[in-house]
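A.B. asks: Need coordinates for the following:
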Amino acid sequence: MNTQTVRRAAMATFAVFAINGFVFASWAARIPAVTRILELTSGEMGLLLLSIAAGSVIALPLAGTVVARKGTATSIRLGGFTAALGGLVVATALGLVSVPLTAAGLFLFGVGIGLWDVSQNIEGADVERHLGRTIMPQFHAGFSGGAFVGALVGAGLSSIHVGLPAHLFAIVALVSVAMVFVPSHFLPSTTPAPAGAVMPPEVPGGKAPARGRTAWAESRTLLVGLVVLGAALTEGAANDWIAKATVDGLGATESEGAIMFAVFVASMTAFRFFGGKFIDNYGRVPVLYGSLGAALVGLVLFVVAPNVWLAGIGAVLWGAGAALGFPMGMSAAADDPARAAARVSVVSTIGYVAFLAGPPLLGFLGDHFTVRWALLAIGVAIIASILTAPAAKPLPQPVSGGAAPRTGSPAPEQAERG
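C.D. replies: Numbering: from 1, shown residues only. You can find the predicted model right below:
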């Protein structure tokens, strides 16, 4: 395949990651407005957010089969249009002040985002393999960058009193146009898998995972999953609650809450762009210790800070710490190319469940302790991830005569560290 085609596909993949982040943050930054419009408590808002989690958790395990049959371009379009339909329903529901209709719209939104997310990661892995170098962290930085822009847009629209329904209608229009044009530049689809075949979402091109005992029975894989659980919960909780915690806990405006979310996302984005150098220089496990430690310190500082400025410093540390845990967990799961698909499937499932289902549960704690203090519960998961970080130490890389497909495993020199 010629270089120009692969580079064009890389740019298109970066674009869909960025748009995904923009759409997600556009919603997350204005959760306080939803709570106000629907007159919900933190616990009730947490229950409403479970609608997104339910939709995504249903879509994630099915997405691999959809991609195998339809290809990544069609699958992303299906996910994008489903998310857009969910946005339309939510916008209408907020205009009607209907909680049940809002829940239905968020469920559709979750289904669409879940399918979209898996499809873009499969395309990203395929592009990475054709390029012959690791660029997946940059794709995820694109997601974070898109989220940063989305948060700023949310803050700006909130400050000039643009209603959330109008905001959502504009997002729907953006997604619809992007889904028509951007995926057309993806890599050509490979031969689809046979009808009825089920592949994990991380297997590009429909390749079946290596046979053997289930990865769910492997202690190292489950421990790496625990590392990712803490990192994913840390990121997901900030996405859902940092804006509202700023508003409720520090007496800030909705616009200032959205800016706090933007600060968190900006910090995370920067470390995703440049964090690879730290991993190469110091090894995976030391960087995990540093990242998770920074996340814990930043979280505590955000919660106990007496003013917005100190809380902002906490958000910077929190975002920096949340940046690399999930990508490094994926790399650890993929160390052995022969078992990469099955192990990455397990670890990513644990991570996504924590990312999607964990934050809504904090809303219930928020009813008793306020959302800001409820965030300290994340610290338990972070400490558990720190204790299990050694499990992510790179596995020895086998030396073989043939080149194995790229699966995110570390370079031989990196495998000696950590």
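
A.B. asks: and the helix or strand containing G351, how far out from the chain's middle?
C.D. replies: Per DSSP states H and E: G351 is located in helix 340-369. Relative to its chain's centre, helix 340-369 lies at 11 Å (Cα atoms, centre = their mean, to the nearest Å).

A.B. asks: I'd like to know which elements it is packed against.
C.D. replies: helix 42-96, helix 219-250, helix 325-333, helix 371-374, helix 378-388 (3 or more Cβ pairs under 8 Å, 6 or more residues apart in numbering; DSSP states H and E). C-beta here means a position set from N, CA and C on the backbone, and glycine is covered the same way.

A.B. asks: looking at the ones you listed, which is closest to T349?
C.D. replies: Taking Cβ to Cβ, helix 42-96 is the member of the helices and strands packed on helix 340-369 nearest to T349, at 7.1 Å.

A.B. asks: and the next element down the chain from the closest one?
C.D. replies: Counting by DSSP H and E, the next helix or strand C-terminal to helix 42-96 is helix 99-131.

A.B. asks: Name the helix or strand for P394, please.
C.D. replies: Per DSSP H and E: nothing holds P394, as it lies in no helix or strand.

A.B. asks: gap between it and A262?
C.D. replies: 34 Å (Cβ to Cβ, to the nearest Å).

A.B. asks: quick one, which of these two is more surrounded?
C.D. replies: A262 (24 against 20; other Cβ atoms under 10 Å).

A.B. asks: Helix, strand or coil: sort out the more buried one for me.
C.D. replies: On the three-state scheme (DSSP: H, G, I helix; E, B strand; the rest coil), A262 is labelled helix.

A.B. asks: Could you report the pLDDT at the residue nearest to it when sequence neighbours are not counted?
C.D. replies: Leaving aside its sequence neighbours, A262 sits nearest to A151 (Cβ to Cβ, 6 or more residues apart in numbering; 3.8 Å). At A151, the predicted lDDT confidence score is 78.

A.B. asks: In contact with A151, which residues?
C.D. replies: Contacts for A151 (Cβ atoms under 8 Å, 6 or more residues apart in numbering) come out as A25, S26, A28, A29, A258, I259, F261, A262, V265.

A.B. asks: I'd guessed the fifth one sits against V247; true?
C.D. replies: No - using Cβ atoms under 8 Å, A258 is not in contact with V247, being 9.2 Å away.

A.B. asks: Neighbour count for the two, which is higher?
C.D. replies: Taking neighbours as other Cβ under 10 Å, A258 and V247 compare with A258 leading, 32 against 24.

A.B. asks: What helix or strand is that one located in?
C.D. replies: Assigned by DSSP H and E, A258 falls within helix 254-282.

A.B. asks: Report the angle between that helix and helix 219-250.
C.D. replies: 150 degrees (axes from the mean of the first three to the mean of the last three Cα atoms, to 10 degrees).

A.B. asks: tell me the mean pLDDT over helix 254-282?
C.D. replies: Here helix 254-282 scores 85 as its mean pLDDT.

A.B. asks: so how far is G293 from G112?
C.D. replies: Taking Cβ to Cβ, one finds G112 at 36 Å from G293.

A.B. asks: So if I had to pick from those two, which one is more boxed in?
C.D. replies: Applying other Cβ under 10 Å to G112 and G293 shows that G112 carries more neighbours, namely 26 against 15.

A.B. asks: my read: the more buried one touches V89, true?
C.D. replies: No - applying Cβ under 8 Å, one finds G112 not in contact with V89, separated by 11.2 Å.

A.B. asks: what about the chain, any weak spots by pLDDT?
C.D. replies: Scanning the chain with the threshold set as pLDDT under 70 gives 64, 125, 129, 132-134, 189-213, 334, 337-342, 344-345, 356, 397-418.

A.B. asks: Would you indicate which residues of stretch 110-124 are buried?
C.D. replies: Using 16 or more other Cβ atoms under 10 Å as the test for burial, stretch 110-124 gives 110-124.

A.B. asks: With just CA atoms, put that stretch into PDB.
C.D. replies: Listed next in PDB are the C-alpha coordinates belonging to stretch 110-124 (Å, rounded to 0.1, in the frame of the first residue of the first chain):
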ATOM      1  CA  GLY A 110     -23.700   5.700  24.500                       C
ATOM      2  CA  VAL A 111     -24.300   3.000  21.900                       C
ATOM      3  CA  GLY A 112     -23.000   5.300  19.200                       C
ATOM      4  CA  ILE A 113     -20.000   6.500  21.100                       C
ATOM      5  CA  GLY A 114     -19.100   2.800  22.000                       C
ATOM      6  CA  LEU A 115     -19.200   1.600  18.400                       C
ATOM      7  CA  TRP A 116     -17.400   4.700  17.200                       C
ATOM      8  CA  ASP A 117     -14.600   4.300  19.800                       C
ATOM      9  CA  VAL A 118     -13.900   0.600  19.100                       C
ATOM     10  CA  SER A 119     -14.000   1.300  15.300                       C
ATOM     11  CA  GLN A 120     -11.500   4.100  15.500                       C
ATOM     12  CA  ASN A 121      -9.100   2.100  17.600                       C
ATOM     13  CA  ILE A 122      -9.200  -0.800  15.100                       C
ATOM     14  CA  GLU A 123      -8.500   1.700  12.300                       C
ATOM     15  CA  GLY A 124      -5.700   3.300  14.300                       C
END
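
A.B. asks: now that stretch: how far from the chain's centre is it?
C.D. replies: So, by Cα atoms, centre = their mean, the centroid of stretch 110-124 is 10 Å from its chain's centroid.

A.B. asks: what's A252 in contact with, if anything?
C.D. replies: Contacts of A252 (Cβ under 8 Å, 6+ apart): T246, M260, V308.

A.B. asks: As TSV, those with distance to A323 and neighbour count would be great.
C.D. replies: Output for the contacts of A252, formatted as TSV (distance: Cβ to Cβ, whole Å; neighbours: other Cβ atoms under 10 Å):
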residue	distance to A323	neighbour count
T246	20	28
M260	17	28
V308	22	17
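
A.B. asks: quick one: which of those is nearest to A238?
C.D. replies: Nearest to A238, judged by Cβ to Cβ, of those is M260 at 9.4 Å.

A.B. asks: ok, the nearest residue to that closest one once chain neighbours are set aside - contacts?
C.D. replies: Counting by Cβ to Cβ, 6+ apart, M260 lies nearest to T246, which is 4.3 Å off, once chain neighbours are set aside. T246 sits next to A252, E256, G257, M260, F261, V308, A311 when contact means Cβ under 8 Å, 6+ apart.
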